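Q: Give me a 3D structure for the following:
(one chain, ligands or ions: 1)
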Amino acid sequence: MTDERPGTTSPPAAGHAPVLPAIPAETTLLAARIRELVEAGVHTDVAAEDLRAAAEHVTAATELLRERTREEPLLLSYLDGNQVSVHNPVEGPGNPLAPPMVGLEIDESGATSSTALLGAAYEGPPGRVHGGWVASLLDHAVGRAVAVAGHPAMTVSLTVDYRRGTPHGVPLTINARFTGKEGRKVFATGEIVADGETTAEASAILVTY
Ligand SMILES: CCCCC/C=C\C/C=C\C/C=C\C/C=C\CCCC(=O)SCCNC(=O)CCNC(=O)[C@H](O)C(C)(C)COP(=O)(O)OP(=O)(O)OC[C@H]1O[C@@H](n2cnc3c(N)ncnc32)[C@H](O)[C@@H]1OP(=O)(O)O
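A: Below you'll find the predicted structure:
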């Protein structure tokens, strides 16, 4: 498929996702606006006629976006400079589902750290982030950590200990590190810290591909 959007690379060779020199600002902008829409949608208390009017605006936007679509799997569509899909659902700046997880600090021991701020749309228990999303953040973080360590792999086992509620609306720090390798099995741990307290910990087994 040929892509004629400005700022994108030429079409992908088979099996290789093109790397964007820079993610088009409009891609990030649209995802950010949709995130705001979702957050407004779960908080709103406007009258029924206003809900209906808003729904019509959203329908118009959806129809505009559907005018031209891509067919290839999202992970293989575009990668950013860090080799993560622009549309990854955890950190993809172009995916409104992604909170997104941002930044990737790597210390001298290889431990990784990123941040995320999840709004009320991610609520599970009252005032707290849904446990599935807590696990998603940790799954992604351990995947990132083993890739950074030179062993890209897929998670086959993820054990999450929910120590205390992970608050929404509060910046979260997500730490992860590669801890070892045995044949194709790669081991990693992760944790989420909010307000200086660890809210969840994970240990993971991943398998190289
Ligand atoms: C997916 C990425 C593609 C390309 C990405 C490109 C660039 C990426 C760069 C950086 C990445 C950065 C961040 C990552 C971000 C996003 C990626 C998405 C991450 C996920 O979202 S990921 C969560 C979901 N994940 C899955 O969707 C996996 C489903 N799964 C499978 O697709 C198969 O499972 C497979 C193919 C992985 C292995 O299958 P297989 O047939 O090749 O291997 P096999 O079964 O033989 O296992 C080999 C050894 O692992 C042991 N083993 C297996 N399972 C175990 C378990 N549960 N517990 C303990 N040990 C286990 C066996 O006992 C054996 O051990 P031993 O060698 O000692 O005998």
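
Q: what sits against the residue positioned nearest the centre of the chain?
A: To find the centre residue of the chain, average its C-alpha atoms and take the closest one (CA atoms, centre = their mean): that gives residue 90, at 1.1 Å. Residue 90 is in contact with 98-101, 136-137, 139-140, counting by CB atoms under 8 Å, 6 or more residues apart in numbering. Heads up, the C-betas are built off the backbone N, CA and C, glycines and all.

Q: top of those by neighbour count?
A: Of all the contacts of residue 90, the most densely surrounded is residue 137 (27 neighbours; neighbours counted as other CB atoms under 10 Å).

Q: how's the protein carved up into domains?
A: Listed by automatic domain parsing, the domain ranges of the chain are 1-98, 101-208.

Q: Any chance of those domains in JSON lines with mean pLDDT and distance to the ligand as columns?
A: Compiled in JSON lines, the domains of the chain are given as follows (pLDDT from 0 to 100; distance: least, CB to the nearest ligand atom, whole Å):
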{"stretch": "domain 1-98", "mean pLDDT": "79", "distance to the ligand": "4"}
{"stretch": "domain 101-208", "mean pLDDT": "96", "distance to the ligand": "3"}
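
Q: So which of the ones you listed is the most surrounded?
A: The highest mean neighbour count among the domains of the chain belongs to domain 101-208 (a mean of 18), with neighbours defined as mean count of other CB atoms under 10 Å.

Q: Endpoints of it, how far apart?
A: 23 Å (CA to CA, to the nearest Å).

Q: Check which helix or strand the residue lying farthest from the centre of the chain maps to.
A: The outermost residue of the chain, judged by C-alpha distance from the chain's mean C-alpha position using CA atoms, centre = their mean, is residue 49 at 33.8 Å. Residue 49 belongs to helix 48-65 when elements are defined using DSSP states H and E.

Q: Noted, bye for now.
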